[in-house]
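>>> Provide a 3D model corresponding to the input given below.
(2 chains)
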Amino acid sequence: MARVTAGVATSHVPAIGAAVDLGKTDEPYWKPVFAGYEFSKNWIANEKPDVIFLVYNDHATAFGLENTPTFAIGCADEYEIADEGWGARPIPVVKGAAGLAWHVRQAVIQDDFDLTTVNEMKVDHGLTVPLTLMFGQPEVWPCLVIPFAVNVIVYPPPSGQRCYLLGKSIRNAIDSYDEDLNVQVWGTGGMSHQLQGPRAGLINQEFDKKFLDDLVGNPQVLAKIPHIDYMREAGSEGIELVMWLIMRGALDDDVNEIHRHYHVPASNTAVGHIILENKQ
Amino acid sequence: MALDKPYKDIPGTTVFDSDMARAGYHVNQFCMTLMKKENRQQFRADERAYVDQWPMTEEQKQAVLDRDYNKLLKLGANVYYFSKLFFTDKMSFQKAASLMTGMSEEEYLAMMVGGGRSPEGNRYVGEKNDG
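Here you go, the predicted model:
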């Protein structure tokens, strides 16, 4: 049977991808950002997941205003890397886990979460920067990926509670898949940041650190945070953190914290990263 | 009955809600076209002719041509959409953000390296460090 072994949360700042692609990771500005992922790269090399169920948001790349699904699951065999305005990142194409994706799609919709099914989609930095942070610069990505896109751009995003419960439904769906697969669920985006208007640059370290603490042992409390609190306290784009709750919902209630990293800034954003493992 | 918009009193922030998304539909969809190299080339060659292909308001078109990002926000453009515009200009997200704050890029960078803009005084319109 397929099994969810671990969850990973990480920010997905586009400038991080550019720093890797342009060979700037040893520069003093970037070094502390990447230092916090050294452990993670070694850890995942040992864990060797077969599939990453990767929760992220599309940044007006595959989904513009012509079509804005709240939750979209990628069921294809392959996803091209998007050109977001400066040319596509020079990284391998992303290979999908179509069998598991179609299975999860059917199970989760039957469990009352109305997902949009996507087969033609380019993936942007929201999905690719986490892969780069965790795997570096391989010739091919070492595992399959199920892209799971959440609308956090056209207000309102789904609530934290909805995301947390959806995570549980995704977990049940993965658990019921017959193939023997080591599956990780990743939640990406955040932490506190605001990219727009005169308040751009807002960072709330206290909020972020409490969020990381509660993500480990108190996720039900996080699931109750209303949108207005994210926007006021963690910046208008800090609301992306609801996506971390999908990851957390897909894990056991009781988890081991394996690794944590927090650094300000990467471009306009507070970088947060945590690895959680199920105990069994 | 009008929708509750509790976010209206967050300083210096435009929430991309239904009203904004509706108002900004065409300007945002114009931005999406800049994800293609040939469109970026066409836009650069004659910006006015390129924006005229879209049923935007004149005010929206002018804000695009002026690269007035705060104006674009007020007119319904969203930063993830018009990031395609400043990426076309080879401008970083950090530089674009600094322009929206009215700070120089150096001042903005220093603020970020120093831990970012504090939420203290920046939660509600009318507080001391308002926007």
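>>> counting neighbours, what do you get for residue 63?
Picked chain A for this. 21 (other C-beta atoms under 10 Å in any protein chain shown). Every residue, glycine included, has its C-beta placed from N, CA and C.
>>> wait, chain B was what I had in mind.
B:A63 has 22 neighbours, counted by other C-beta under 10 Å.
>>> doesn't B:V64 make contact with B:F86?
No: applying C-beta atoms under 8 Å as the test, B:F86 and B:V64 come out as separate, 11.0 Å apart.
>>> of these two, which one has the most company?
The residue with more neighbours, out of B:F86 and B:V64, is B:V64; 26 against 22, by other C-beta under 10 Å.
>>> correct me if wrong: the more buried one contacts B:G24.
No: using C-beta under 8 Å, B:V64 is not in contact with B:G24; the gap is 11.4 Å.
>>> for the longest strand anywhere in chain A, packing partners?
Identified as the longest strand of chain A according to DSSP state E is strand A:255-266. Contacts defined by 3 or more C-beta pairs under 8 Å, 6 or more residues apart in numbering or on different chains; DSSP states H and E place strand A:255-266 against helix A:31-35, helix A:38-47, helix A:205-217, strand A:269-278, helix B:105-113.
>>> how does chain B divide into domains?
For chain B, automatic domain parsing gives the domain ranges B:16-90, B:92-131.
>>> let me have these in TSV, extended by mean pLDDT.
Shown next, in TSV, are the domains of chain B (pLDDT from 0 to 100):
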stretch	mean pLDDT
domain B:16-90	97
domain B:92-131	92
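>>> show me where the stretch 1-150 of chain A has helices.
Using DSSP state H, counting those that start in this stretch, the helices of the stretch 1-150 of chain A run over A:14-21, A:31-35, A:38-47, A:98-110, A:125-135.
>>> tell me, how many residues neighbour the single nearest residue of chain A relative to chain B?
Nearest residue of chain A to chain B: A:I203, at 2.6 Å (C-beta to the nearest C-beta). A:I203 is flanked by 27 other residues according to other C-beta under 10 Å.
>>> repeat that for A:A266.
With other C-beta under 10 Å as criterion, A:A266 counts 24.
>>> tell me the contacts of it?
Residues near A:A266 by C-beta atoms under 8 Å, 6 or more residues apart in numbering or on different chains: A:11, A:13, A:15-16, A:30, A:33.
>>> if we ignore the residues flanking it in sequence, what's nearest B:G116?
A:I203 (2.6 Å; C-beta to C-beta, 6 or more residues apart in numbering or on different chains).
>>> where does the residue lying farthest from the centre of chain A land in three-state SS?
Using C-alpha atoms, centre = their mean, the residue of chain A lying farthest from its centre is A:P198. It sits 27.4 Å away. At A:P198 the chain is in coil, as set by DSSP: H, G, I helix; E, B strand; the rest coil.
>>> touching, it and A:S236? I think so.
No: between A:P198 and A:S236 there is no contact under C-beta under 8 Å: 11.7 Å.
>>> hmm, the lengthiest helix in chain A in reach of chain B?
Looking across chain A with DSSP state H, the single longest helix is helix A:160-175. No: with C-beta under 8 Å from any C-beta of the partner chain as the criterion, chain B is not reached by helix A:160-175; the gap is at least 15.8 Å.
>>> do the same with stretch A:269-280
Yes: applying C-beta under 8 Å from any C-beta, one finds stretch A:269-280 touching chain B at A:A270.
>>> CA atoms only for that stretch, dumped as CSV, please.
Output of stretch A:269-280 as CSV, limited to C-alpha atoms (Å, rounded to 0.1, in the frame of the first residue of the first chain):
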residue,chain,number,x,y,z
THR,A,269,9.9,37.2,2.3
ALA,A,270,10.5,35.3,5.5
VAL,A,271,11.8,31.9,4.7
GLY,A,272,10.4,29.1,6.8
HIS,A,273,11.1,25.4,6.5
ILE,A,274,10.1,22.4,8.6
ILE,A,275,10.3,18.6,8.2
LEU,A,276,7.8,16.5,10.1
GLU,A,277,7.7,12.7,10.2
ASN,A,278,4.9,10.3,11.1
LYS,A,279,6.0,8.2,14.0
GLN,A,280,5.2,4.8,12.5
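>>> pull the distance from that stretch to the chain's centre.
11 Å (C-alpha atoms, centre = their mean, to the nearest Å).
>>> now do stretch A:253-269
12 Å.
>>> can you check stretch A:106-121 too?
Mean C-alpha position of stretch A:106-121 versus that of the full chain (C-alpha atoms, centre = their mean) differs by 18 Å.
>>> go through it and flag the buried ones.
A:107-109, A:113, A:115-116, A:118, A:121 (16 or more other C-beta atoms under 10 Å in any protein chain shown).
>>> among the helices and strands packed on strand A:255-266, which is nearest A:R171?
Closest of those to A:R171 is strand A:269-278, at 9.8 Å (criterion: C-beta to C-beta).
>>> which elements pack onto the closest one?
Packed next to strand A:269-278, using 3+ C-beta pairs under 8 Å, 6+ apart, are strand A:3-10, helix A:38-47, helix A:205-217, strand A:255-266.
>>> got CSV for these, with mean pLDDT too?
Below are those laid out as CSV (pLDDT from 0 to 100):
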stretch, mean pLDDT
strand A:3-10, 98
helix A:38-47, 98
helix A:205-217, 98
strand A:255-266, 98
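>>> okay, the ones you listed, which one's buried deepest?
strand A:3-10 (a mean of 23; mean count of other C-beta atoms under 10 Å in any protein chain shown).
>>> spatially nearest residue to A:K31 (excluding sequence neighbours)?
In this structure, A:K31 finds its nearest non-sequential neighbour in A:T25, 7.0 Å apart by C-beta to C-beta, 6+ apart.
>>> quick one, what contacts that neighbour?
A:T25 neighbours (C-beta under 8 Å, 6+ apart): A:19, A:31, A:34.
>>> I'd like the residues you listed laid out as a markdown table, including neighbour count and pLDDT.
What follows is these, written out as a markdown table (neighbours: other C-beta atoms under 10 Å in any protein chain shown; pLDDT from 0 to 100):
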| residue | neighbour count | pLDDT |
| --- | --- | --- |
| A:A19 | 22 | 97 |
| A:K31 | 11 | 98 |
| A:F34 | 22 | 98 |
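>>> from these, which is closest to A:K210?
Checking the contacts of A:T25 against A:K210 by C-beta to C-beta gives A:F34 as the nearest, at 24.9 Å.
>>> got the phi/psi numbers for the residue nearest to the closest one when sequence neighbours are not counted?
In this structure, A:F34 finds its nearest non-sequential neighbour in A:T25, 4.9 Å apart by C-beta to C-beta, 6+ apart. Per-residue torsions, A:T25: phi -70, psi -20 (degrees, to the nearest 10).
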